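# pasted the sequence and its predicted model underneath.
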Amino acid sequence: MSFPEQWLPRSIICLRGYTAGHLVQDAIAGLTVGLVALPLAMAFGIASGVTPQAGLYTAVVAGFLISALGGSRTQVGGPTGAFVVIVAGIVARFGMSGLALVTVMAGALLIVMGATGLGAAVKFIPRPVTIGFTNGIALLIASTQIKDFLGLRTPPVPSDFLGRMKVLLEYLGTVRWQTLTVGLISLGIILVMPRITRRVPGSIVALFLCTIGAAVFHFAVETIGSEFGGIPRGFPPFSLPHFRAAHIVPLLPSAFAVAMLAAVESLLSAVVADGMTGDRHNSNVELVAQGIANLVAPLFGGIPATGAIARTATNIRSGARTPVAGIVHALTLLAILLAAAPLARYVPLATLAAVLFIVSYNMGEWREIGTILKLSKTDIAVWITTFALTVFADLTTAVGVGMALAALLYIYRIAETTTVAAVTDEYLQDGMAHILQDKEIPPNTTILRIHGPFLFGTTEKLVEATRDLNKFDTVVVLRLRNMTALDATGIHAIEQFANRLQKSGRTLLLCGAREQPARLLAQADFVGRVGRENILPHVQAALERARQINAEFRGLGLQLATDMKHRPL
């Protein structure tokens, strides 16, 4: 790839050979994800302490730029839950001008990260830290929606978690039953719709039905109209934010936190998209696009934006082929702003709260907690610290401490790999089973090896080396004899590799793990995914297992041939 080519947005590259068929598929996907984004954009705006139209303006402007200039074929951008807590805190302390300044500074940082290749630094955040962030943010988002879901009559609710929960508990007796009923109906629709059909998003059905109900039957519930005066019809208004120089230094940590969160979430979303499509995104171009989007969004009353995993997955499942789908998604929301904005005044806040409850649950990665708790005490301590700081302190502190913990954890893991021991006859004898040079490799068998510590920051090398599974045989042996250390991020990467191989009809064998990696590989969850019989003590046992699998395949082939031969015509 030439230098100019590697900086081209994926939208330009995809236009080569673009057909009318591609346009139809992209248009359908864009319309679908645009409708999905509608309630989310408004809900994220309200939860962030700004207006619902600020969320919509962000989805239109930033969503368009991220798709048009980004490095991913199917990435969809806009406001996300990752920013809700930090944005609400900035607005409460510094107002909209402070938020605009933070967004612009974060955009500049993202451009620098992409242009210099520093975006790769986000790979060096260990899994316990990212799970701690995600769990904490999900809990905070859910806590901000309790008031609207229950219709509580409270004084201004504090921005800190403990203060917020204290006020909510004190005023729990002020529940408005009509509001709660609308919220429960909305929640039920969102949960039930996927069982009926996945073609129509449950959040859209809930938004449509509950909005009609509020407009026709005049429910005594708070709506966008009663709380915010509705959403103005028209294009996102352009205006230059009023920046205050005195706010630059105090807001730098917040800008850094927003930039890091945007980088982590956008690249994670792009990786998920790659896994679903078989494509490969350009991370540097993607970060530059994210930066430009965050520079421009505040000029139209927007808030921070990044790649959205759920909307990106919806885009792909709806048939998206190129970034044109993401552009259509932004234009769909713009069309709604131009034609149907006045109808938004009837949208119940309880319905949007129900939408965010589902978002909080889905983004929380709660199932990962069980996996974290089976790791070392160090990993558990890192997760608890990050989670606690996110919930009880603030996200800026959590990001800073999380990065520091990542560095310390990396040093600790590397230090653990150093051993000093005498070479004995037993050591030499035990090593014979691990030597590959004198072994006969069975047919249909590919052997890979990991050399050195397999920790956060290095796991991408496995993804790169195994991107094209067509190059591998039926049995893939992963030698771990020279893998000196393993962590939560590393074991997650091996699990994903095992899943990819299984889906392609291949079998993964692991062999020769040393003491520290072997302890992690012995976890029940991991063993259940890979199969106890496929985790071997040395390469000699792995090759014997490969021969056994080959024999089973041959036997299955002969049985199928026999069945076909005696099958009645």
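Perfect, I can see it now. The structure displayed is predicted, hence computed values, not measured ones.

# chain center to stretch 316-330: distance?
Relative to the centre of its chain, stretch 316-330 is centred 18 Å away, using CA atoms, centre = their mean, to the nearest Å.

# figure out the length between the terminal residues of it.
The straight-line separation of the ends of stretch 316-330 (CA to CA, to the nearest Å) is 16 Å.

# residues in contact with it?
9-11, 14-15, 18, 22-23, 25-34, 37, 59-61, 63-64, 66-68, 70, 72-77, 198, 273, 276-277, 311, 315 (CB atoms under 8 Å, 6 or more residues apart in numbering). For glycine as for every other residue, the C-beta is placed from the backbone atoms N, C-alpha and C.

# buried set for that stretch?
For stretch 316-330, a neighbour-count test (16 or more other CB atoms under 10 Å) marks 316, 318-330 as buried.

# one more: stretch 11-21?
When burial is assessed from 16+ other CB under 10 Å, stretch 11-21 yields the following buried residues: Ser11, Ile13, Cys14.

# now the last one, nearest residue through space, not along the chain?
Okay, so that is Cys14. Thr322 (3.9 Å; CB to CB, 6 or more residues apart in numbering).

# show me the buried residues of stretch 316-330 that map onto helices.
Ile316, Val324, Ala325, Gly326, Ile327, Val328, His329, Ala330 (DSSP state H).

# out of the buried residues of stretch 11-21, which are inside helices?
Residues of the buried residues of stretch 11-21 located in helices (DSSP H): Ser11, Ile13, Cys14.

# circling back to that earlier point, pick out whichever of the ones in helices among the buried residues of stretch 316-330 sits closest to Ala488.
For these, the minimum distance to Ala488 (CB to CB) is 26.8 Å, reached by Ile316.

# gap between that closest one and Gly114?
23 Å (CB to CB, to the nearest Å).

# same check on Val328?
Taking CB to CB as the measure, Val328 and Gly114 are separated by 25 Å.

# ok, then the element right after the longest helix along the chain?
Once the chain is assigned using DSSP H, the helix that runs over the most residues is helix 84-116. Counting by DSSP states H and E, the next helix or strand C-terminal to helix 84-116 is helix 127-150.

# need the next SSE after that next one, C-terminal direction.
Remark: after helix 127-150, the chain's next helix or strand is helix 161-170, criterion DSSP H and E.

# pull the number of nearby residues for Gly202.
Neighbour count for Gly202, taken as other CB atoms under 10 Å: 24.

# kindly state the pLDDT recorded for the residue nearest to it when sequence neighbours are not counted?
Excluding the flanking residues, the one nearest Gly202 by CB to CB, 6+ apart is Met193, at 3.2 Å. We have a pLDDT of 91 for Met193.

# by contact count, what packs against the helix or strand containing Met193?
Secondary structure assigned from DSSP H and E places Met193 in helix 177-196. Judged by 3 or more CB pairs under 8 Å, 6 or more residues apart in numbering; DSSP states H and E, the packing partners of helix 177-196 are helix 127-150, helix 202-217, helix 349-363.

# check which helix or strand the closest residue to Leu337 other than its chain neighbours maps to.
Excluding the flanking residues, the one nearest Leu337 by CB to CB, 6+ apart is Leu56, at 6.1 Å. Assigned by DSSP H and E, Leu56 belongs to helix 52-69.

# next structured bit after that helix?
strand 77-78.

# circling back to that earlier point, list the buried residues of the helix holding Met193.
Neighbour counts over helix 177-196 (16+ other CB under 10 Å) mark Thr179, Leu180, Val182, Gly183, Ile185, Ser186, Leu187, Ile189, Ile190, Met193 as buried.

# could I get these as a markdown table with distance to Ala488?
Conversion of those to a markdown table gives the following (distance: CB to CB, whole Å):
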| residue | distance to Ala488 |
| --- | --- |
| Thr179 | 41 |
| Leu180 | 39 |
| Val182 | 41 |
| Gly183 | 36 |
| Ile185 | 40 |
| Ser186 | 36 |
| Leu187 | 32 |
| Ile189 | 37 |
| Ile190 | 31 |
| Met193 | 34 |
